[in-house]
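[1] could you work out the structure for the sequence below:
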Amino acid sequence: MTDIPDDIFTEPDDFSPDTLANLGPLRPLAGEWQSDDGVDINPKAGGPERRLFREHIRMDPIDPQPNGPQLLYGLRYHIHINTPEEAITFHDQVGYWLWEPATGLIMQSLAIPRGQVLLAGGAAASGDKRISVEARRGDARFGICSTTFLDQAFRTDYYRIDITFNDDGTWTYVTRTDLAIRGKTPAFDHRDTNTLRRVALPAPNPLLVLESRS
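    Below is the predicted model:
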């Protein structure tokens, strides 16, 4: 929301309860997804390491979210990743994808159980075949926050994810993070990529379910 109205408290009362129908460019992400074809390029003491991974993602529609006059529609997501050679968790991540129809703002929030969170932002429109969001360390709006250890040893200065919606119903992402690793220069270009296929359709958001019962 670029132009803040004088009334910052009154919430809209004419919004649709159907989140799936109002997700705009995020609609193709809704549902349950998996793939065994992920590739991770990560830093190790001896140099970059290439790992293959298995990924499962669930993205569930949430009820419309008003911030006073601002209205957001979104998806709550959970990502779980392991590798073919290990059953233990390689990566776990939760957060939200959000869209503001009035402005075209899209956002991704991200939290991982290593002591790191971020909020990334971008712009998109319904029907876009590609969407992107990014965040930078120190940005008060779309920024990155980490624990002391990560900030001093593996500091994330930049994050970006590019998502392409493919004609066969799959979607492909490439994530990039610039890692400032203690004692090493330049920053490490950490990248992950995968193509996900849908294994289950999304469920309706809770408000829509309640209204359909009334």
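[2] remind me, longest helix of this structure?
    The single longest helix within the chain, with elements called by DSSP state H, is helix 206-213.
[3] contacting residues around that helix?
    17-20, 63-64, 204 (CB atoms under 8 Å, 6 or more residues apart in numbering). Placement of C-beta: from N, CA and C, glycine included.
[4] need these in JSON lines (columns: secondary structure, neighbour count and pLDDT).
    Below are those laid out as JSON lines (DSSP: H, G, I helix; E, B strand; the rest coil; neighbours: other CB atoms under 10 Å; pLDDT from 0 to 100):
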{"residue": "Pro17", "secondary structure": "coil", "neighbour count": "17", "pLDDT": "94"}
{"residue": "Asp18", "secondary structure": "coil", "neighbour count": "17", "pLDDT": "96"}
{"residue": "Thr19", "secondary structure": "coil", "neighbour count": "28", "pLDDT": "97"}
{"residue": "Leu20", "secondary structure": "helix", "neighbour count": "19", "pLDDT": "97"}
{"residue": "Asp63", "secondary structure": "coil", "neighbour count": "16", "pLDDT": "97"}
{"residue": "Pro64", "secondary structure": "coil", "neighbour count": "20", "pLDDT": "97"}
{"residue": "Pro204", "secondary structure": "coil", "neighbour count": "17", "pLDDT": "95"}
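[5] burial measure for the nearest residue to Ile88 once chain neighbours are set aside, as a count.
    Using CB to CB, 6 or more residues apart in numbering and skipping the chain neighbours, the partner closest in space to Ile88 is Asn82 (6.5 Å). By other CB atoms under 10 Å, 16 other residues sit near Asn82.
[6] starting at the chain centroid, how far to the helix-or-strand element of the chain with minimal mean pLDDT?
    Within the chain, confidence by mean pLDDT, DSSP states H and E is lowest for helix 206-213 among all helices and strands, at a mean of 88. Centroid separation between helix 206-213 and its chain, computed with CA atoms, centre = their mean, to the nearest Å, is 26 Å.
[7] buried set for stretch 115-130?
    Neighbour-count burial for stretch 115-130 flags 116, 118-122, 124, 128 (criterion: 16 or more other CB atoms under 10 Å).
[8] and which of those residues is nearest Ile57?
    The nearest member of the buried residues of stretch 115-130 to Ile57, counting by CB to CB, is Ala120 at 16.6 Å.
[9] ok, residues contacting whichever strand or helix holds that closest one?
    Using DSSP states H and E, Ala120 sits within strand 116-123. With contact meaning CB under 8 Å, 6+ apart, strand 116-123 is reached by 103-111, 131-135, 141-147, 150, 156, 159-161.
[10] at 7 Å instead, please
    For strand 116-123, the external contacting residues (CB atoms under 7 Å, 6 or more residues apart in numbering) are 104-111, 131-135, 141-146, 150, 156, 159.
[11] buried among those? Need that as a selection in ChimeraX.
    Buried residues among the contacts of strand 116-123 (16+ other CB under 10 Å), as a ChimeraX selection:
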select :105,106,107,108,109,110,131,132,133,134,135,142,143,144,146,150,156,159
